[in-house]
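J.: need a structure here:
(2 chains)
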Number of protein chains: 2
Amino acid sequence: MFDRLSPMNLKAIGIVRSDFKKRTSARLDLRKMIADIEIDPTLTEALEGLEGFSHVIVLYWMHQAVFNKRQLKTYPMGNKVAGVQGLFAVRTPNRPNPIGKTTVKLLERHGNILKVQGLDAIDGSLVLDIKPYIPGYDSASDATVPDWVRIEKQ
Amino acid sequence: MFDRLSPMNLKAIGIVRSDFKKRTSARLDLRKMIADIEIDPTLTEALEGLEGFSHVIVLYWMHQAVFNKRQLKTYPMGNKVAGVQGLFAVRTPNRPNPIGKTTVKLLERHGNILKVQGLDAIDGSLVLDIKPYIPGYDSASDATVPDWVRIEKQ
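T.: Alright, predicted model coming up:
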C-alpha cells in the first residue's frame, strides 16, 4: 500500500553467536543467557563509546519467522488463557516485518565483538542495528499493560 | 559480509502523519507532539488488543538519513562537548540501516489509526512494526549511561 514511496534495503551489520539454537517458548530463561554479537569488522570504529552504556538495544532479523496474511491474530506466547490478540499487540516473531527488538545487558566489548546478556535471538540471526539504551527515552516509567500480559521482571 | 545468508525484504505496514515536517535537532519538544499512525487497512485486525497497552514501540524507516561508510563516528545530537562517538553509541539516523525505534504513548486507536504522543518520526515516514511496550522486558531499571548523555526525562 505504501511501498511505492521509497525503497527500503537492509544490510546485515553483524551476526548472533549463541547457544540458543532453535525457537522455543522458554523466553524467560533466555534473559540470563550470554551471547556474542559479531559485528562486521569494517564497522568496528562505529562501536566506539558503546561500552560506556550498561544496556543496548539490538535489532535483528528473525529469519525463522513466517508471516501469514490470513492469520492476523494469535495467542500471546505461552499464554492460551489470554485469548487471541492482534499480532501487533503481542511479541510473536510472525509479523509482516520480522524485526526483533531486545534490550540486553552489555557485558563487554572486545573490538567488534559484543558480549551481551538477555538476547533472545537464535544463533545465526543477522543483526540490523545496535543502539544505546537511554533511560527516559527508551523507557516509560508510567507504562501499564493488559491483565493478560505476563510481565518478565529483571 | 553476512548478506549471503538470507534475503531481508521490508514492506511498509503504515505511514506517519505528523506536524513534524523536517529534521531538526529539537528532539526534546517532539516528546510532547501528537501524531497519527495510519496502518494499512488490510492489517487492522492485527491491531486488536493493542489499545490495552499505555505505550507502544514504533519501528520506522528514516528515509532522510544518509549513511556514509567513511563517517563511522559523529557528535551525539546537540552535544558537541561530548566529542565524537561511534555511530552505534549514539542515536543518529545516519546508520547502516536507518530504522528508528521510539517508545510512544498510545492515546487512542480508531480502527487502523493510532494516535500517539512522543513520536520523533517526520511526516511521511514509513512504519515497519508496532510492538506493545512491556515493562521489565523493554526497560532496564538498573541502566547506566556515560556522563556525556543528556538524559531525556519523561
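J.: only C-alpha atoms for contact and neighbour calcs from this point on.
T.: Fine.
J.: ends of stretch A:11-31, what's the gap?
T.: 27 Å (CA to CA, to the nearest Å).
J.: and residue A:2, how far from residue B:146?
T.: 39 Å.
J.: and residue A:131, by the same measure?
T.: Distance of residue A:131 to residue B:146, computed by CA to CA: 14 Å.
J.: same question, residue A:147
T.: Taking CA to CA, one finds residue A:147 at 36 Å from residue B:146.
J.: between the two, tell me which one has more neighbours.
T.: residue B:146 (13 against 10; other CA atoms under 10 Å in any protein chain shown).
J.: tell me how many other residues surround the closest residue to that one other than its chain neighbours.
T.: Distances taken as CA to CA, 6 or more residues apart in numbering or on different chains place residue A:52 nearest to residue B:146, at 5.2 Å, with adjacent residues excluded. Using other CA under 10 Å, the number of residues around residue A:52 comes to 18.
J.: so residue A:52 makes contact with residue B:148?
T.: No: at 9.8 Å, residue A:52 and residue B:148 do not qualify as touching, with contact defined as CA atoms under 8 Å.
J.: which neighbours do these two have in common?
T.: Common neighbours of residue A:52 and residue B:148 (criterion: CA atoms under 8 Å, 6 or more residues apart in numbering or on different chains): none identified.
J.: mind checking the longest strand of chain A?
T.: For chain A, the strand with the greatest residue count under DSSP state E is strand A:99-110.
J.: in chain A, what secondary structure element scores lowest on mean pLDDT?
T.: helix A:27-30 (a mean of 63; mean pLDDT, DSSP states H and E).
J.: buried residues in whatever helix or strand residue A:37 lives in?
T.: Using DSSP states H and E, residue A:37 maps to strand A:34-39. Buried residues in strand A:34-39, counted by 16 or more other CA atoms under 10 Å in any protein chain shown: A:34-39.
J.: now do the contacts for the closest residue to residue A:76 other than its chain neighbours.
T.: Spatial nearest neighbour of residue A:76, chain neighbours left out: residue A:90 (5.7 Å); criterion: CA to CA, 6+ apart. By CA under 8 Å, 6+ apart, residue A:90 lies in contact with A:76-77, B:131-132.
J.: nearest to residue A:10 among the residues you listed?
T.: residue B:131 (19.9 Å; CA to CA).
J.: hang on, the closest one in a strand?
T.: Yes: using DSSP: H, G, I helix; E, B strand; the rest coil, the assignment for residue B:131 is a strand.
J.: that one: neighbour count?
T.: 23.
J.: quick check: bridge partners of it?
T.: residue B:57 (DSSP bridges).
J.: can you map out the strands along chain A?
T.: A:14-17, A:34-39, A:55-61, A:73-74, A:85-86, A:99-110, A:113-117, A:126-132.
J.: contact partners of the fifth one?
T.: This means strand A:85-86. Outside strand A:85-86, the residues that reach it (CA under 8 Å, 6+ apart) are A:72-76, B:45-50.
J.: redo the residues you listed as TSV? Include distance to residue A:116.
T.: Formatted as TSV, the contacts of strand A:85-86 follow (distance: CA to CA, whole Å):
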residue	distance to residue A:116
A:72	32
A:73	32
A:74	30
A:75	29
A:76	26
B:45	36
B:46	32
B:47	32
B:48	34
B:49	32
B:50	30
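J.: check those residues and tell me the two furthest apart.
T.: Based on CA to CA, the longest span within the contacts of strand A:85-86 runs between A:76 and B:45 and measures 15.1 Å.
J.: residues contacting the residue nearest the centre of chain A?
T.: Centroid check for chain A by CA atoms, centre = their mean gives residue A:101 as the closest residue, at 2.7 Å. Shown in contact with residue A:101 (CA under 8 Å, 6+ apart): A:57-60.
J.: which of the residues you listed has the most neighbours?
T.: residue A:60 (24 neighbours).
J.: isn't residue A:116 up against residue A:36?
T.: Yes: shown here, residue A:116 and residue A:36 form a contact pair, counting by CA under 8 Å, at 6.2 Å.
J.: tell me which of the contacts of strand A:85-86 is nearest to residue A:105?
T.: residue A:76 (24.8 Å).
J.: count of residues packed around that closest one?
T.: Residue A:76 has 21 nearby residues by other CA under 10 Å.
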